[in-house]
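In: Below is the sequence, then the predicted model.
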Amino acid sequence: MFSQLLAFLLRPLRSARSLEHSGQVVFSLLAVDAAGLGLALFVLNQFIFLRPLDQEDYATLVCVTLCCYAATLQYGLRPGRSAAWLVGKLVVGQLLAASVLYAVFVGLGMHLSGRQVLKFFALHLLLHGVIRSVYLLGRRALPGAPLETVRLLLLAGAGFFFYGAFATSGSIGSGDAYWYCIMNADFVSQWRAGVFPVFVGQTEFAFNGAVSPLRFAPYLQHVTGLIDLLTGSWLPFWSLQNLTLLLSGLGGLFTCYFCIAAILPARRWTALALASLYAGCPAVLSLGYQGDLFMSMTTLPYVPLAAYGLWRTLHAEQTSVLWTVLPLAALWYCHPPIALWLTFIAIIVHLVAGFRRRRDRRLYIGWLGGAALFLLATGYVFVSVQALRLGSSKSEITVILESIRGAFPAMLQRVSEGANQLGDYQLGWGLWGALALVIGGTFWRPRRAELVLLLASIGLIALLLPVPRLNVALWRLVPATVRDITYHWPMQRFYVILAGLIVVCSAGFLAKISGHRPRTARVLSAFLFFCAAWTYLEATKFVLRGYAIAVPPAQAGLFVEPHNRILTRYAFNPFPAAPPYYSHSYVDPYLENRVLAADLHTELSSNVAAARPPDTATKMNVTAEHDGVAAAVLRPLFSLAPGVRYAVRLEPHYAVPPGSLLVSGEFVRREFFLPNSAVGMVPGGQPTTAFGFMPSSRSFFSAWTSRKAADTLELRYIFNAPVSSVPGDFATLYLQAYAIESLPIKITSWAPYCATTTASATGAWLETPRLFIPGYAATVNGRTAPITKSPGGLVLVGLESGENSVTLGYRGPWLLRASYYLALATWLVLGVLGLRQLLQRFRAAGAPIPNPV
């Protein structure tokens, strides 16, 4: 009786095993599908659906979809099927899952249209195909593919632990994060409008012709644009930026794991621990959670590849040049300062490795080939910067040394509780432990590969330690140009490199002793697991900080809306000086256009003058209610009609002390530093025309809402220092609506810039809000027009007498365009060749590759 009952209970298990053995259902593959689906649901809900799902919701969604996959995709998983049959099964499975889940979504209260559900599965189809292909290719090459699947799932979980705060449609970070979002939005908007390639800012997001980071580190914006194309322009701009950073963090974790696994093929669990040490390094996490250093974050996938390439070079691998050149080339697009120092290390490594082969001609042929490939792949970065002719920011040794001293001794201690100190840019005790392991192993049994990389790491650490006299002497030996590129905070550049070098050195040392002393290798692996556990513990502080500083999507989205967009100082810093119209608050780009006489000083017509409220405009007496300390509430409130732009002129009745004017409504935000809202940006001696209380300041600011509902604005004045009293009769406010279609210079397009205006005199010039750099081209009434630079540093277009139709665009020098297309072609060819080589390696592993569905 008992045996019959046991047989009955085990019957489902036996049936499942028979399905596994017959190839009808692969349960390890089903686990991969479950993880991929859960990942897709989590990411898309965080970025798009924005609905809190509890565990039961997720369980229902995953289980229903897996049943559909089991019915349509798992059954009949046999090699030899035609491609059409496999694609048909994939599409049928996705449609079945979409139709079933549509009903489930409605049942759960998620009011999604059929189009939204189809979009969800179209996006998941790509992810599903990639995950399925990777698993089946790995099963062909790795006998223990199911166990490898577990490790990859753990890696994905670790990645979402470290960087999961970026899975949001809100913002992570402060002013720098907002600047990146605005620049990404401009780039994506130009691609959506069909502008390619993009060399300068042109839309309302970057109407000043911003060039940073686009012309200095173009990787971030190009990847964001690529993600926008792949997602069908479905994601908002904050989501696109955060998804790019999330994928960079995950990419760093996975590339580090695969590089370490290539060094330690028999110790892949140790590779998992070392990858966690790299991705969870406090300095690496500080890039995103403390410094808003998003360009630096994009280097995370490539630093381990470059370190691995250097390790291969020191082992005399024939393909080591490619493994060094290609990651370095990618790093130059991501972040030139990090790439510069890794390039120096790479040159030293190749010289050391080539010393023994100095009489071998093939060595020099390989170097020449690598240098040629590097120039083809990265030439655009250097041409792009050179074509700007803007000069570079200058660093000072005293400031560098001060920042190094400011991080000590915190750089050797635990991460601060708030994870917001300069000393939190550090290796962390986990990586210090790994470094100690490498140092001890090198003294025990020196090996060239680990020794050279170890010396490079020690050299970078010496530059970060404030050792008296030594640190000063070392930085004085660094060329001024290199110091300028590195700038004032070397810890933000060096620790990412150090993390990559240390984990690769640790893997190389373990690989060396694994064959001779397996027990010692197991003990050291256990030590590295302990270091990784400590790293996870310390990383919790950064993760909690990330969620704490996150701005909700609704609030973050306000500052991307047309009526609130701010061009921060970072969009102007690369230029010699900010233009007169610059303000730290909102500037209406439609107003920053005027027609000048031939002397370039006399103003013939101006949108600002046309919009300025006259004394006959709607007039209000503004009273102040002092709180007794340093703030005053101004009355009365005033309303904005939807879609109507207003000029708000504020004439104070007394000399108002310095402070900030806050203008806030339900959807409108303004903050003006007064008396000069351009404080610290416009050079001394040059008048500012931004809103303020200075003699040359503009007396009004623009306020409007692009929402469909009206908004009511409240004014508050915050004094920089406490004041004893504030006059009740504070100011007079004049309010007047203006229409951009009725302004004397009518802007019809921003990308490219198109305007119509009338010139009352010959030799007149149209002053645009674009900052001048070489490469602009213009036409007036269909004919090529002259271009020059205004006294305020803006682009001037020569006008004809009478009516003028102006088109201004940026083509750039021919060398800039040629280098861009050459680099693009180089990367495309390398991508195709790399994919072909990968497939050939898998085919060479044995039998034909199983079908990827």
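Out: The structure has been received and is ready for your questions.
In: Is Leu735 bridged to anything, and to what?
Out: Listed by DSSP bridges, the beta-bridge partners for Leu735 are Thr618, Val648.
In: Number of residues surrounding it?
Out: Counted by other C-beta atoms under 10 Å, the residues lying close to Leu735 total 19. In this view, the C-beta of every residue, glycine as well, is placed from N, C-alpha and C.
In: same thing with the one 10 residues further on?
Out: The local packing of Ile745 (other C-beta under 10 Å) involves 24 other residues.
In: repeat for the one 4 residues further on
Out: A count of neighbours around Ser749, defined by other C-beta under 10 Å, yields 12.
In: Distance check, it against Leu650.
Out: 32 Å (C-beta to C-beta, to the nearest Å).
In: Likewise for Ile461?
Out: On the measure of C-beta to C-beta, Ile461 and Leu650 end up 55 Å apart.
In: out of the two, which sits in the busier spot?
Out: Shown here are Ile461 and Leu650; by other C-beta under 10 Å, Leu650 has more neighbours (26 against 15).
In: who does the helix or strand harbouring that one touch, helix- and strand-wise?
Out: Using DSSP states H and E, Leu650 falls within strand 645-652. Using 3 or more C-beta pairs under 8 Å, 6 or more residues apart in numbering; DSSP states H and E, the elements in contact with strand 645-652 are strand 700-703, strand 729-738.
In: Quick one: closest of those strands to Asn184.
Out: strand 700-703 (24.4 Å; C-beta to C-beta).
In: And the average pLDDT for that closest one is what?
Out: Mean per-residue pLDDT for strand 700-703: 94.
In: who does it touch, helix- and strand-wise?
Out: Using 3+ C-beta pairs under 8 Å, 6+ apart as the contact test, the elements touching strand 700-703 are strand 645-652, strand 669-674.
In: List just the one of these that sits closest to Ser639.
Out: strand 645-652 (9.6 Å).
In: ok, and for the closest one, which residues are buried?
Out: The neighbour-count check on strand 645-652 (16 or more other C-beta atoms under 10 Å) flags 645-650, 652 as buried.
In: got the CA coordinates for it in PDB?
Out: The C-alpha atoms that make up strand 645-652 are tabulated as PDB, following Å, rounded to 0.1, in the frame of the first residue of the first chain:
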ATOM      1  CA  ARG A 645       2.900  82.700 -22.500                       C
ATOM      2  CA  TYR A 646       3.100  85.600 -20.100                       C
ATOM      3  CA  ALA A 647       5.700  88.200 -19.500                       C
ATOM      4  CA  VAL A 648       5.800  89.000 -15.800                       C
ATOM      5  CA  ARG A 649       7.500  92.300 -15.100                       C
ATOM      6  CA  LEU A 650       8.500  93.000 -11.500                       C
ATOM      7  CA  GLU A 651       9.500  96.500 -10.500                       C
ATOM      8  CA  PRO A 652      10.600  96.600  -6.800                       C
END
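In: on contacts alone, who are the packing partners of the following helix or strand past it?
Out: Remark: after strand 645-652, the chain's next helix or strand is strand 659-664, criterion DSSP H and E. Counting contacts by 3+ C-beta pairs under 8 Å, 6+ apart, strand 659-664 is packed against strand 669-674, strand 711-719.
In: beta partners for Val780?
Out: Beta-bridge pairing of Val780 under DSSP bridges involves Arg783, Val806.
In: biggest helix in this structure by residues?
Out: Identified as the longest helix of the chain according to DSSP state H is helix 518-549.
In: for the helices and strands packed on strand 645-652, which one ends up most surrounded?
Out: Highest mean neighbour count among the helices and strands packed on strand 645-652 (mean count of other C-beta atoms under 10 Å): strand 700-703, with a mean of 22.
In: ok, that strand: who's next to it in the sheet?
Out: strand 645-652 (antiparallel).
In: pLDDT averaged over the partner strand - what is it?
Out: 94.
In: Likewise for stretch 832-850?
Out: Rounded mean pLDDT across stretch 832-850 is 66.
In: do the same with stretch 663-674
Out: Per-residue scores along stretch 663-674 average to 92.
In: Pull the distance from stretch 627-647 to the chain's centre.
Out: Taking the mean of its C-alpha atoms, stretch 627-647 sits 36 Å from the chain's own mean (C-alpha atoms, centre = their mean, to the nearest Å).
In: next one: stretch 418-431
Out: 22 Å.
In: tell me the SS of the residue lying closest to Ile397 once chain neighbours are set aside?
Out: Counting by C-beta to C-beta, 6 or more residues apart in numbering, Ile397 lies nearest to Trp475, which is 5.5 Å off, once chain neighbours are set aside. Under DSSP: H, G, I helix; E, B strand; the rest coil, the three-state class of Trp475 is helix.
In: what's the burial count for Trp475?
Out: Neighbours of Trp475 (other C-beta under 10 Å): 18.
In: can you check Arg612 too?
Out: Here the count is done by other C-beta under 10 Å, and Arg612 has 18 residues near it.
In: Contacts only, for it.
Out: Contacts for Arg612 (C-beta atoms under 8 Å, 6 or more residues apart in numbering) come out as 647, 649, 698-700.
In: ok, it to Leu735 distance?
Out: Taking C-beta to C-beta as the measure, Arg612 falls 12 Å from Leu735.
In: if I look at Trp332, how far off is Ile345?
Out: Distance from Trp332 to Ile345, by C-beta to C-beta: 14 Å.
In: All set now, cheers.
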